[in-house]
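[1] next come a sequence and a model predicted from it.
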Amino acid sequence: MRDTSVLISGASIAGPALAFWLHRFGADVTVVERAPELRPGGQAVDLRGIAKTAAWQMGLESEIRAACTDTAGMSFVDRDNRVRAKMRADQFDGDGMIAEIEILRGDMSKVLYDATKDDTEYIFGDRITALDEREDGVHVTFEKGDPRRFDIVVGADGLHSSVRAMVFGDESRYLHHLGMYISFWTVENHLGLENWAVAYAEPGRSVGVRTIHDNSKLMAFLSLGSDRFDYDYRDVEAQKAIVAEKAAGMAWETPKLLSQLDDAPDFYFDSCSQVKLDSWSRGRIGLFGDAAFCGSPLSGQGTGLAIVGAYVLAGELAAAGGDHVAGFAAYERRMRDWVATIQKYASRNAKNTLPKSETGVRLGMLVLKVLPHLPAKSLLLRGANKMINGFDLPDYSSLLVKTA
């Protein structure tokens, strides 16, 4: 891939991870990000199974571990804050509900940015407005910057990918709603928690907190069962109003958490949806990460797909000598089955995550209480284990032209 110019749209996790490997294989990489700077906070993402192996292959184990949230476990409580069940991070070999490696999305993004910023051109506060593929490459128009030409363009710009919309059409054709919305925002640690998470559930709704930033703050998380409804995914104030309205009347610590919505610097709200496309590329323009194959947060594998997929996409483009058609096709052949497995798991998970009745909530608590103690617990988690370890990492080491 020597002297191949690649433009990546999106600087969250997928984009910088792909930039890391593309540079190692010899490409000249530019990343454009609509936000004026890296976005902080966000949900706690995790690395499990083969994704952990892929991350360590990047040589970033110490940096990732240093940035982890260090959550030792989670308590599940009732409305009066009585503990009904507990789950520790050291159970299920570190790949259970609380994983060994859990890190805020913004912190993971920062680790990857720091690992790539010296070798990758980053453009913040700008976005792609037009893509014109010609024989000599993709001619890109930016909202602010001058037009430029690139050999390859990759959309790694998330669930609501603008690159995907330009090339494949409106997102309504590809987004599949799973019946739930989620939200995250930073609040004060008024509970005095230390390296711990707490969750509370009602029929069709759940809320919780986990410690972040060395226990100085909490990350609040909210799940709402709902059919699909329309909203502006760029209007943060309108989204805060939606959360306040739909979480109104919830017990436990919910009123205290909602009272801090307006001051949250890192508020996030979106649907739990999957992206399903017949193809992840057209010509010189490809899609990657959530833009191509979002499994939804219900899969718990979004970051894993990004870390593994970055290595595979870059490796297959390198193996094809920069031939975008062959490289994109090989990347898709390798990833398709694993992506399908993850999406199926998430779809099944969507049916059980938010019970619709009090009886269902109590039954869920009972399952969580006894699960760690069942002699056959590994069999119960066989589907999850197949998902997190259901991919064989190819060996592209002979194609590397630069060291980390």
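    Perfect, thanks for sending it.
[2] which residues of this structure score low on pLDDT?
    Across the chain, the ranges flagged by pLDDT under 70 are 92-97, 372-383, 385, 404.
[3] name the helices or strands packed onto the lengthiest helix in it?
    Taking DSSP state H as the criterion, the chain has its longest helix at helix 324-353. Packed against helix 324-353, as judged by 3 or more Cβ pairs under 8 Å, 6 or more residues apart in numbering; DSSP states H and E, are the following elements: strand 175-188, strand 268-275, strand 281-282, strand 285-287, helix 290-293, helix 302-319, helix 382-388. To be clear about C-beta, it is placed using only N, CA and C from the backbone, and glycine gets the same treatment.
[4] between those, which gets nearest to residue 335?
    Among the helices and strands packed on helix 324-353, the nearest to residue 335 by Cβ to Cβ is helix 302-319 (6.0 Å).
[5] distance to residue 218 for the helices and strands packed on helix 324-353 - can I get that in CSV?
    Shown next, in CSV, are the helices and strands packed on helix 324-353 (distance: least, Cβ to Cβ, whole Å):
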stretch, distance to residue 218
strand 175-188, 5
strand 268-275, 15
strand 281-282, 41
strand 285-287, 35
helix 290-293, 26
helix 302-319, 21
helix 382-388, 27
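[6] export those to a markdown table and tack on mean neighbour count?
    Putting the helices and strands packed on helix 324-353 into a markdown table (neighbours: other Cβ atoms under 10 Å) gives the following:
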| stretch | mean neighbour count |
| --- | --- |
| strand 175-188 | 20 |
| strand 268-275 | 22 |
| strand 281-282 | 18 |
| strand 285-287 | 27 |
| helix 290-293 | 28 |
| helix 302-319 | 26 |
| helix 382-388 | 17 |
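[7] and of those, who's closest to residue 111?
    Nearest to residue 111, of all the helices and strands packed on helix 324-353, is helix 302-319, at 11.1 Å by Cβ to Cβ.
[8] please name every helix or strand in contact with that closest one.
    Applying 3+ Cβ pairs under 8 Å, 6+ apart, we find helix 302-319 packed against helix 14-24, strand 44-47, helix 49-57, helix 290-293, helix 324-353.
[9] chain center to the last one: distance?
    Averaged C-alpha coordinates place helix 324-353 at 14 Å from its chain's average position (Cα atoms, centre = their mean, to the nearest Å).
[10] check stretch 2-15 too.
    Remark: stretch 2-15 is offset 17 Å from the chain centroid, using Cα atoms, centre = their mean.
[11] ok, back up a step: could you point out which element follows the longest helix of the chain?
    Moving toward the C-terminus from helix 324-353, the next helix or strand (DSSP states H and E) is helix 358-370.
[12] for that next one, give me every contacting residue.
    Residues outside helix 358-370 that contact it (Cβ atoms under 8 Å, 6 or more residues apart in numbering): 76, 84, 85, 86, 87, 201, 202, 203, 352, 355.
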